[in-house]
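Student: Pasting the sequence and the predicted coordinates here, then a few questions.
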Amino acid sequence: MHASPIAVAPGAIPVLGHALRLRDDPLGFFESLRPLGDVVLIKLGPQRAYVLNSAELVRELLVAKPRQFDKGTQIDNARELLGYGLISSEGDMHRRHRLLMQPAFRRDRIAEYAQVMREQIVEHTADWHTGRVIDVRVAMTTLTLSVAAKTLISSELGNDLVAEMLHSMPRILDLTYQRMTTPLPVLNKLPLNRNREYAARLARLHPMIDKVVADYRSSNDRKPDLLGMLLEARDAETGSVLSDRELHDQITAILMAGSETTAAALSWVFHVLTEHPDIEARLHAEVDRVLEGRSAEYADVRQLTYTAQVINEALRCYPPAWLATRRATEDVDLKGLHVPAGTTVAFSAYVVQRDPRLFSEAEKFDPDRWSPERAGEIHRDAIVQFGGGPRKCIGDVFAVVEATLALATIAGQWRLRVTPGARMEKVAGSTFTPRDLMLTVEQRQPVPRPAPIS
């Protein structure tokens, strides 16, 4: 498949390679690579990496040969934050953690979590009023972090931790991304201001997580929440349970991954609705018909078909998890591409999911491509937002249900309008998210369903 020479990305500079291009315009940089071929070599400092622009190759990486790769330097450089939770553990440890956590994400459990989602959505929009200007990303992050925390820790024990994460998480993620993408890893070890700040923020966060674990272990009132399930989980073969350190790392992973990505997805949806009044009108018509003015619950999800299509298209066009890396742990062949051991391989969901070979009018935001009549046209490998294979996101259904309930409930009560003079910025960092998306709240009156003719 790759007998011809592999393209090398232009514009590399001595020592740093393409690192400045990646820092200054990450989306533009990866988009510029697609026309060069399905595999493009880039240079980040002394490191070289293959960028995969083909969904077929990404499937080979994630689904066919996942055990020949680990997550690589991107995760290594975030280890101080993530430890060895489900996001960042490897090999047998990851498989053990996955098996222990899988029961907590079954559909019957998600149906129970949906009640928490509903309560938090109502609570976090209770003080909205016509004319109020909100930073949508901040509002959605506050909501989704509260949902993640309340499903994880249903008691009051986690309140201080949630408050700290709301305050610190955006900055921690910014600093983490800087560390993950540095061309010279030695920079992460120098006494630079950003490293001092990072260490200080983690020194405050980690003991708070440890306290939650300790308090839960000592509590006589064990709750039927996610943390309670993890405390009781036992390895089927050995009978072992998760250690305090493992619980610490799983809490970090769940709160980080379970809030920021869903918040970004919802933020993009509200941005898109301001640009497409026809899509907004169809969404409002559906939620008015299904909900009749009340907040959405789990039983409504099956009927909120257009709502789900809007969310799916937002995840395609604006994937929060926009960039992923792997590192070969041995020499491996990816459909003719020889990848030596130690080599980094990367792909951008943003680029793959906008591939014109996979989607007609790939740059167009079109929820109808997910309709029952057309969904079969979407190639099975075309959507990589949640990853694939044994490392596919364990919380993908959780996230989609949460986003569906939040979007339907909010759209049933409110319209979010563009605020004159506000300027939103598209930011690709740890996640792909809109920054300074300042929208003005306007209460709407749901259109009642016509009375039946007697």
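Tutor: Perfect, I can see it now. Numbering: from 1, shown residues only.
Student: so what's Arg374 up against?
Tutor: Arg374 is in contact with Asp368, counting by Cβ atoms under 8 Å, 6 or more residues apart in numbering. Glycine gets a C-beta too; all of them are placed from N, C-alpha and C.
Student: How much space separates it from Asn312?
Tutor: Relative to Asn312, Arg374 is positioned 12 Å away (Cβ to Cβ, to the nearest Å).
Student: cool, His129 as well?
Tutor: Remark: distance between His129 and Asn312 (Cβ to Cβ) = 31 Å.
Student: Same check on Val345?
Tutor: According to Cβ to Cβ, Val345 and Asn312 sit 27 Å apart.
Student: ok, those two, which is more surrounded?
Tutor: Val345 (23 against 19; other Cβ atoms under 10 Å).
Student: Output the contacting helices and strands for the host helix or strand of Gln120.
Tutor: Assigned by DSSP states H and E, Gln120 belongs to helix 107-124. Judged by 3 or more Cβ pairs under 8 Å, 6 or more residues apart in numbering; DSSP states H and E, the packing partners of helix 107-124 are helix 136-152, helix 396-413.
Student: Which one, of the ones you listed, ends up nearest to Thr440?
Tutor: Of all those, helix 136-152 sits nearest to Thr440, with 10.5 Å by Cβ to Cβ.
Student: can you list the weak-confidence ranges in this protein?
Tutor: The model of the chain has pLDDT under 70 over residues 1-4, 221-222, 446-454.
Student: for it, which residue is closest to the average position?
Tutor: Nearest to the centroid of the C-alpha atoms of the chain, with distances taken as Cα atoms, centre = their mean, sits Thr261, at 2.9 Å.
Student: Could you measure from the closest residue to that one other than its chain neighbours over to Thr305?
Tutor: The shortest distance from Thr261 to any non-neighbouring residue, by Cβ to Cβ, 6 or more residues apart in numbering, is to Pro320 (4.0 Å). Distance from Pro320 to Thr305, counting by Cβ to Cβ: 23 Å.
Student: Please give the element, helix or strand, for Ile279.
Tutor: Using DSSP H and E, Ile279 falls in helix 277-291.
Student: now the angle from the helix or strand just after that helix to helix 277-291?
Tutor: Using DSSP H and E, the helix or strand that directly follows helix 277-291 along the chain is helix 305-317. For helix 305-317 against helix 277-291, the angle by axes from the mean of the first three to the mean of the last three Cα atoms, to 10 degrees is 140 degrees.
Student: contact partners of helix 305-317?
Tutor: With Cβ under 8 Å, 6+ apart, helix 305-317 has contacts from 265, 268-269, 272, 279, 282-283, 286-287, 301, 353-354, 359, 365-372, 383, 385, 400, 403-404, 407-408, 411.
Student: go again using 6 Å as the cut-off
Tutor: Helix 305-317 has contacts (Cβ atoms under 6 Å, 6 or more residues apart in numbering) with 265, 268-269, 282-283, 286, 353, 365, 367, 370, 385, 403-404, 407-408.
Student: orientation of that helix relative to helix 396-413 in degrees?
Tutor: On the basis of the same axes, to 10 degrees, helix 305-317 is oriented at 120 degrees to helix 396-413.
Student: Extract the C-alpha set from the helix holding Gln120 and format it as CSV.
Tutor: Listed next in CSV are the C-alpha coordinates belonging to helix 107-124 (Å, rounded to 0.1, in the frame of the first residue of the first chain):
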residue,chain,number,x,y,z
ARG,A,107,-26.7,0.4,29.8
ASP,A,108,-28.7,-0.4,32.9
ARG,A,109,-26.3,1.6,35.0
ILE,A,110,-26.4,4.5,32.5
ALA,A,111,-30.2,4.5,32.9
GLU,A,112,-29.6,5.1,36.6
TYR,A,113,-27.0,7.8,36.0
ALA,A,114,-29.4,9.6,33.6
GLN,A,115,-31.5,10.6,36.6
VAL,A,116,-28.4,12.3,38.1
MET,A,117,-27.8,13.9,34.7
ARG,A,118,-31.4,15.2,34.6
GLU,A,119,-31.2,16.7,38.1
GLN,A,120,-27.9,18.5,37.4
ILE,A,121,-29.1,19.9,34.0
VAL,A,122,-32.1,21.4,35.7
GLU,A,123,-30.1,22.7,38.6
HIS,A,124,-27.4,24.3,36.5
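Student: for this protein, which helix is longest?
Tutor: If you go by DSSP state H, the chain has its longest helix at helix 244-275.
Student: would you turn the helices and strands packed on helix 107-124 into a markdown table with distance to Asn193 and mean neighbour count?
Tutor: Shown next, in a markdown table, are these (distance: least, Cβ to Cβ, whole Å; neighbours: other Cβ atoms under 10 Å):
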| stretch | distance to Asn193 | mean neighbour count |
| --- | --- | --- |
| helix 136-152 | 25 | 24 |
| helix 396-413 | 34 | 23 |
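Student: and of those, who's closest to Leu337?
Tutor: helix 396-413 (27.6 Å).
Student: Tell me the gap between whichever helix or strand comes after the closest one and the middle of its chain.
Tutor: Counting by DSSP H and E, the next helix or strand C-terminal to helix 396-413 is strand 414-418. For strand 414-418, the distance from its own C-alpha centre to the chain's C-alpha centre is 24 Å (Cα atoms, centre = their mean, to the nearest Å).
Student: Go through strand 414-418 and flag the buried ones.
Tutor: 414-416 (16 or more other Cβ atoms under 10 Å).
Student: now do stretch 347-359
Tutor: Buried residues in stretch 347-359, defined by neighbour count with 16+ other Cβ under 10 Å: 347-354, 358-359.
Student: Let me have these in JSON lines, extended by distance to Asp235 and secondary structure.
Tutor: Converted to JSON lines, the buried residues of stretch 347-359 look like this (distance: Cβ to Cβ, whole Å; DSSP: H, G, I helix; E, B strand; the rest coil):
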{"residue": "Phe347", "distance to Asp235": "33", "secondary structure": "strand"}
{"residue": "Ser348", "distance to Asp235": "36", "secondary structure": "strand"}
{"residue": "Ala349", "distance to Asp235": "33", "secondary structure": "helix"}
{"residue": "Tyr350", "distance to Asp235": "38", "secondary structure": "helix"}
{"residue": "Val351", "distance to Asp235": "39", "secondary structure": "helix"}
{"residue": "Val352", "distance to Asp235": "36", "secondary structure": "helix"}
{"residue": "Gln353", "distance to Asp235": "36", "secondary structure": "coil"}
{"residue": "Arg354", "distance to Asp235": "42", "secondary structure": "coil"}
{"residue": "Leu358", "distance to Asp235": "40", "secondary structure": "coil"}
{"residue": "Phe359", "distance to Asp235": "42", "secondary structure": "coil"}
